[in-house]
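Chemist: take this sequence and fold it.
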Amino acid sequence: MESTHKKNIYVKGSKYPLPGLDDFNPQDDHSIIIDLDYYNYSNLNLFIDCAPLESASYCLSSDNSNLYHYSNDYLKIPATFDGLSFSGLIKTSDPKNYNLNALTVFPLPTFSGDKKIVFLDRDGVLNINTGYPHIPEKLVINQNILPSLKSAKSKGYEFIVITNQSGIARGIFSENDYELCKVHIDKFFKEHDISILDWFHCPYHVDGKVDEFTQPSLDRKPLPGMILKACEKHSIDLKNSIMIGDNESDNILLPYLDFKLITPNDSKLFI
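Modeler: Okay, the predicted model is just below:
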């Protein structure tokens, strides 16, 4: 294992096998372990600056043992992987005695960039949440959010929708119904000079009735799958982006992504 030019940052990988923990010699209140077989260097400062102590980000091992989902009660459970890439980082105050299973998993995007994004929940933010809304002509658009969106746009932000749509898994409506609503909402905001860069939705839920979508998913908020997929598709600066939601479940489990809670009646500027 080699020490980098930054104090207490250690690298391992195929060229640097990880030694026994007794060989660690921490000189400060925390250390970083970097697995070069999976790490993207552009994310190093983001992780060091923003990740809390006793947190980690792992790549998936061949037996699925190094990645965890959160249960509905936010308890970690072993899980399969949805296909995203993770960095092999650990940040701990006690590298000689760190406990893998006690660490909180904070994934990092595979790529980073310079786009500032306002991530928007759909139901309760862009439209009124009337209970699994899925008929375009019955959608009630939240026009109160327009001033905030225009303010954000004037400051260089772009917009991406990040929405849980468990109604698909529950058999209440179809993927096609969701797509028709997306077109309807997109059209309204374009007419008001707000372009939505992209849409991501999670159709999965463990209590679904449609077999195809009845499963846990890293995409389901507050888990970060949709955000990470957006980062793999677009050049996004997550540290200077923000998630807007109407529920605490919209507060994505990424310590470096800002979150603001709004209501449809609250037209206060969020940027």
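Chemist: only C-alpha atoms for contact and neighbour calcs from this point on.
Modeler: Noted.
Chemist: buried residues of the longest helix seen in the chain, list them for me.
Modeler: Secondary structure assigned by DSSP state H gives helix 175-191 as the longest helix of the chain. Within helix 175-191, the residues that count as buried by 16 or more other Cα atoms under 10 Å are E175, Y178, L180, C181, K182, H184, I185, D186, F189.
Chemist: got the angle for the next helix-or-strand element following it vs helix 175-191?
Modeler: Remark: after helix 175-191, the chain's next helix or strand is strand 196-202, criterion DSSP states H and E. Orientation check (axes from the mean of the first three to the mean of the last three Cα atoms, to 10 degrees): strand 196-202 against helix 175-191 gives 160 degrees.
Chemist: now for strand 196-202, which elements pack on it?
Modeler: On a contact count with 3 or more Cα pairs under 8 Å, 6 or more residues apart in numbering; DSSP states H and E, strand 196-202 meets strand 157-164, helix 175-191, helix 225-233.
Chemist: show the average pLDDT along the second one.
Modeler: Averaged over helix 175-191, pLDDT sits at 97.
Chemist: same question for stretch 212-224.
Modeler: In the prediction, stretch 212-224 has an average pLDDT of 84.
Chemist: show the residue spans covered by the helices in this protein.
Modeler: In the chain, helices defined by DSSP H lie at 44-50, 146-154, 166-169, 175-191, 225-233, listed in chain order.
Chemist: circling back to that earlier point, can the helices and strands packed on strand 196-202 go into TSV with extra columns for distance to P203?
Modeler: Below are the helices and strands packed on strand 196-202 laid out as TSV (distance: least, Cα to Cα, whole Å):
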stretch	distance to P203
strand 157-164	7
helix 175-191	8
helix 225-233	11
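Chemist: by contact count, what packs against the longest helix of the chain?
Modeler: strand 196-202.
Chemist: what does the strand it packs on contact?
Modeler: For strand 196-202, contacts defined as Cα atoms under 8 Å, 6 or more residues apart in numbering pick out 158-166, 186, 189-190, 219-220, 226, 230.
Chemist: ok, of those residues, which come out buried?
Modeler: For the contacts of strand 196-202, buried by 16+ other Cα under 10 Å: 158-166, 186, 189, 219-220, 226, 230.
Chemist: tell me which two of the residues you listed sit farthest apart.
Modeler: Largest separation among the buried ones among the contacts of strand 196-202 by Cα to Cα: E158 and S166, giving 25.8 Å.
Chemist: can you add distance to Q215 and give the helices of the chain back as JSON lines?
Modeler: Shown next, in JSON lines, are the helices of the chain (distance: least, Cα to Cα, whole Å):
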{"stretch": "helix 44-50", "distance to Q215": "30"}
{"stretch": "helix 146-154", "distance to Q215": "34"}
{"stretch": "helix 166-169", "distance to Q215": "9"}
{"stretch": "helix 175-191", "distance to Q215": "16"}
{"stretch": "helix 225-233", "distance to Q215": "14"}
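Chemist: what's the closest of those helices to I128?
Modeler: helix 175-191 (11.6 Å).
Chemist: between helix 146-154 and the closest one, find me the angle.
Modeler: Using the same axes, to 10 degrees, helix 175-191 lies at 80 degrees relative to helix 146-154.
Chemist: how does this protein divide into domains?
Modeler: 2-105, 116-261 (automatic domain parsing).
Chemist: check the ones you listed for me: which has the lowest mean pLDDT.
Modeler: Among these, domain 2-105 carries the lowest mean pLDDT, a mean of 52.
Chemist: thought N129 was touching D123?
Modeler: Yes: between N129 and D123 a contact is recorded at 4.8 Å, counting by Cα atoms under 8 Å.
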